[in-house]
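Trainee: no sequence on this one, just coordinates:
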């Protein structure tokens with residue numbers, strides 16, 4: 001594949017990609033957790049906040065706790081809190097700031113970029129690894145979600161290194177390496193439940209053909225699946241005592257109630273945030289690998305590269321990864337109109353696109369690859385521009401509440417977004433704005449101290465007329481109640 005890049009020169013292009021990837025992700029670095037997906041980001045930070053002062057109380061400290069919906073912090077069923085735990089330790093040592101969460105997200109995102117390069121280098125060629133790493137670094141979707149205080153950066157880092165761990169074990173087999181590969185896979189599934197999709201890929205990559213590998217597959221599966229099974233069972237049982245539910249659209253009614261295959265929002269997310277160029281390149285990569293199997297000829301010509309024909313399990317693994325990813329997009333992403341659900345599929349797309357670019361040799365391939373990366377950078381700047389915007393009114397309101405109400409106050413928010421709880425450092429309830437007819441009754445029955453009119457409320461004018469007639473506003477959208 002492609003022209004040769006000598007091993008001693010590889011690090012410089014990779015370092016350049018990593019540095020530029022960091023630079024891209026520093027946009028909005030100092031934003032509070034109120035930009036796009038502020039809800040999820042504030043949830044992550046809230047979990048970290050509730051860990052402070054009990055970081056060594058293992059395992060209880062690892063049980064996710066949020067500030068809603070109840071008069072006390074609530075246990076919830078969520079993924080393992082890797083990022084909140086790291087953030088809480090950082091706050092303890094260096095002081096509390098939203099900046100640390102963003103920095104750690106960028107670190108994990110760059111670990112993902114590095115991991116893609118390592119996988120591409122070992123299974124295809126150094127050049128393919130570099131193109132794949134560059135594409136993942138600059139795709140608009142991963143450029144934005146590589147700096148958010150959410151589980152996505154951690155989950156993607158563990159996912160690619162879980163596959164790399166399998167590759168390392170194949171190179172130097174050993175029981176410790178096999179157990180280690182299984183544990184890294186377990187970390188990926190713990191970090192984000194949908195990463196379970198790469199478990200079959202790890203099986204294929206490590207054990208194909210499966211005949212005669214039953215014992216080692218069982219060991220690998222045990223280390224991969226037992227920790228997630230124990231953890232998710234633990235949080236399910238613990239959260240049930242507070243009538244909580246799994247905070248995941250995949251395991252809720254969102255999938256059942258979704259719009260179905262090829263929704264308009266899904267198509268928009270793919271074209272704008274993944275990019276038609278990357279999608280077409282990935283499709284080309286699939287075709288090229290199929291041709292390798294049909295013609296039984298290697299398409300890698302660099303003598304320093306792996307002969308893909310001798311390692312057919314890599315092709316089969318990528319095909320399986322693509323099939324699983326397509327199924328995930330069709331049955332999950334099409335029903336949940338949240339762009340970050342597409343993040344897991346960028347890993348295989350980047351690798352396949354890197355393979356496609358590597359097949360164009362020498363200067364033409366280099367020029368095309370650079371143009372693709374440049375286009376992704378421009379596209380990300382345009383597409384993500386609105387995502388970095390945030391409303392100062394939310395922060396001002398929350399800080400007023402923190403400074404002017406008793407710490408033990410229970411809030412009732414007018415709408416669903418819970419970021420106010422985090423910045424006000426209060427607990428409470430949220431009204432459901434989609435049920436305006438029931439909202440007034442909810443407000444009258446819930447036991448709270450203050451009703452908070454969020455800046456972008458969806459409740460109608462009739463509701464607010466009732467509120468203003470019965471309660472007096474003492475702060476920015478803050479109404480004292482007598483519901484206790």
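Mentor: Thanks, I have it. Not measured: the values here are computed from a predicted model.
Trainee: am I right that residue 428 is in a strand?
Mentor: Yes. Using DSSP: H, G, I helix; E, B strand; the rest coil, the assignment for residue 428 is a strand.
Trainee: residues near the nearest residue to it once chain neighbours are set aside, how many?
Mentor: Excluding its sequence neighbours, the residue lying closest to residue 428 (CB to CB, 6 or more residues apart in numbering) is residue 411, at 3.5 Å. Just so you know, the C-beta spots here come from the backbone N, C-alpha and C atoms, and that holds for glycine as well. Using other CB atoms under 10 Å, residue 411 has 25 neighbouring residues.
Trainee: may I ask you to confirm that residue 411 belongs to a helix?
Mentor: No. Residue 411 is assigned strand when assessed by three-state DSSP, not a helix.
Trainee: contact partners for it?
Mentor: Going by CB atoms under 8 Å, 6 or more residues apart in numbering, residue 411 touches 401, 420-421, 424, 426-429, 448-452.
Trainee: format those residues as TSV; extra columns: distance to residue 29, neighbour count and pLDDT.
Mentor: Shown next, in TSV, are the contacts of residue 411 (distance: CB to CB, whole Å; neighbours: other CB atoms under 10 Å; pLDDT from 0 to 100):
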residue	distance to residue 29	neighbour count	pLDDT
401	26	23	97
420	23	28	96
421	24	26	96
424	23	26	96
426	27	24	96
427	29	21	95
428	30	26	94
429	33	19	94
448	35	21	92
449	35	19	94
450	32	25	96
451	34	24	96
452	28	27	96
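Trainee: from those residues, pick the one nearest residue 180.
Mentor: Within the contacts of residue 411, proximity to residue 180 (CB to CB) peaks at residue 421, which comes in at 39.2 Å.
Trainee: am I right that the closest one is in a helix?
Mentor: Yes. Using three-state DSSP, the assignment for residue 421 is a helix.
Trainee: residues in contact with it?
Mentor: With contact taken as CB under 8 Å, 6+ apart, residue 421 is in contact with 42, 46, 66, 67, 68, 411, 413, 427, 428.
Trainee: wait, is the first one part of a helix?
Mentor: Spelled out, that is residue 42. Yes. Counting by three-state DSSP, residue 42 is found in a helix.
Trainee: flag the shaky bits of the chain, pLDDT-wise.
Mentor: Counting by pLDDT under 70, the ranges of the chain that qualify are 1-10, 240-262, 296-310, 483-484.
Trainee: could you measure from residue 209 over to residue 162?
Mentor: 21 Å (CB to CB, to the nearest Å).
Trainee: tell me which of these two has more neighbours.
Mentor: A count of neighbours by other CB under 10 Å puts residue 162 above the other of residue 209 and residue 162, at 26 against 10.
Trainee: host element of that one?
Mentor: If you go by DSSP states H and E, residue 162 is part of helix 152-171.
Trainee: about what we covered before: how much space between the residue nearest to residue 428 and residue 422?
Mentor: 12 Å.
Trainee: which of the contacts of residue 421 sits closest to residue 140?
Mentor: residue 42 (23.0 Å).
Trainee: my guess is that closest one meets residue 425, correct?
Mentor: No. At 11.6 Å, residue 42 and residue 425 do not qualify as touching, with contact defined as CB atoms under 8 Å.
Trainee: please say which of these two ends up with more neighbours.
Mentor: Counted by other CB under 10 Å, residue 42 and residue 425 do not tie: residue 42 has more neighbours, with 27 against 14.
Trainee: so who does that one touch?
Mentor: The neighbours of residue 42, taking CB under 8 Å, 6+ apart as the test, are 33, 34, 418, 419, 421, 422, 423.
Trainee: checking the second one next. Helix, strand or coil?
Mentor: I take that to be residue 34. Using three-state DSSP, the structure places residue 34 in coil.
Trainee: tally of neighbours for it?
Mentor: Neighbour count for residue 34, taken as other CB under 10 Å: 23.
Trainee: do the same with residue 469
Mentor: Close neighbours of residue 469, defined as other CB under 10 Å, add up to 7.
Trainee: name the element it belongs to?
Mentor: Using DSSP H and E, residue 469 falls in helix 461-470.
Trainee: buried ones in that helix?
Mentor: For helix 461-470, burial by neighbour count (16 or more other CB atoms under 10 Å) applies to 463, 467.
Trainee: which elements pack onto it?
Mentor: Packed against helix 461-470, as judged by 3 or more CB pairs under 8 Å, 6 or more residues apart in numbering; DSSP states H and E, are the following elements: helix 436-445.
Trainee: would you mark the buried spots in the helix it packs on?
Mentor: By 16+ other CB under 10 Å, the buried positions in helix 436-445 come out as 439, 440, 443.
Trainee: possible to save the residues you listed as TSV with distance to residue 325?
Mentor: Below are the buried residues of helix 436-445 laid out as TSV (distance: CB to CB, whole Å):
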residue	distance to residue 325
439	40
440	45
443	44
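Trainee: what's the closest of the residues you listed to residue 108?
Mentor: Relative to residue 108, the closest of the buried residues of helix 436-445 is residue 439; by CB to CB it sits at 39.3 Å.
Trainee: tell me which element the residue lying closest to residue 270 once chain neighbours are set aside falls in.
Mentor: Distance criterion CB to CB, 6+ apart; nearest residue to residue 270, sequence neighbours excluded, is residue 279 at 6.6 Å. Using DSSP H and E, residue 279 sits in helix 276-295.
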